[in-house]
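Colleague: coordinates only, sequence not included:
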């Protein structure tokens, strides 16, 4: 799932990607709560949907469910805080490597060459706070080093651990 939000000028901004089995939209608050983002399937999928009233009954009946939801929401907040810190303190190559490693776990698909992350360069630029040109330049350098194989609307990460280590040297 691709979680997006509209900017004040109407541009769609990618906030997060979620993969198979991840909770999509956790809302345990009042029904009147507005959501700040939208979610769209990036491939065919099925979703489990619970009606708000039924979910409230389940939360009363099974307190551990509320604790589990709180844990998921807390981990997502930690991820957003990490990403904000990365944008504020890390150089572009390092930010891109960290985003790719995260995405490998969330939406990566194993291929013969490595782990494919199916995401446009524009999306990666948004997620790392940089430009499409910079993403392309970093990918070109990493491709020369054998770290990634850039594709049209994807990138194959050949070795995530090596990418994370070697990205500490700015390109």
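Modeller: Now that the structure is in, tell me what you want to look at. Not measured: the values here are computed from a predicted model. Numbers count the residues shown, from 1 in each chain.

Colleague: so who does residue 19 touch?
Modeller: Contacts for residue 19 (CB atoms under 8 Å, 6 or more residues apart in numbering) come out as 105-108. Where C-beta positions appear, they are placed from N, C-alpha and C, glycine not excepted.

Colleague: which stretches of this structure form helices?
Modeller: With DSSP state H as the criterion, the chain has helices at 52-61, 63-89, 92-107, 121-128, 132-144, 160-166.

Colleague: my guess is residue 142 contacts residue 162, does it?
Modeller: No: with contact defined as CB atoms under 8 Å, residue 142 does not count as touching residue 162 (10.1 Å).

Colleague: compare the two (neighbour count), which wins?
Modeller: Using other CB atoms under 10 Å as the criterion, residue 142 and residue 162 rank with residue 142 on top: 24 against 14.

Colleague: where does pLDDT dip in the protein?
Modeller: Low-confidence segments of the chain, defined by pLDDT under 70: 25-35, 167-171.

Colleague: from what I see, residue 13 and residue 126 are in contact.
Modeller: Yes: under the criterion of CB under 8 Å, residue 13 makes contact with residue 126 at 5.6 Å.

Colleague: compare those two and say which one has the larger neighbour count.
Modeller: residue 126 (20 against 13).

Colleague: residues in contact with the more buried one?
Modeller: Neighbour list for residue 126: 13-14 [criterion: CB under 8 Å, 6+ apart].

Colleague: over to residue 109?
Modeller: By CB under 8 Å, 6+ apart, the neighbours of residue 109 are 115-116, 118.

Colleague: what bridges to it?
Modeller: Taking DSSP bridges as the rule, residue 109 bridges to residue 116.

Colleague: and stretch 72-79, what's buried?
Modeller: For stretch 72-79, a neighbour-count test (16 or more other CB atoms under 10 Å) marks residue 76 as buried.
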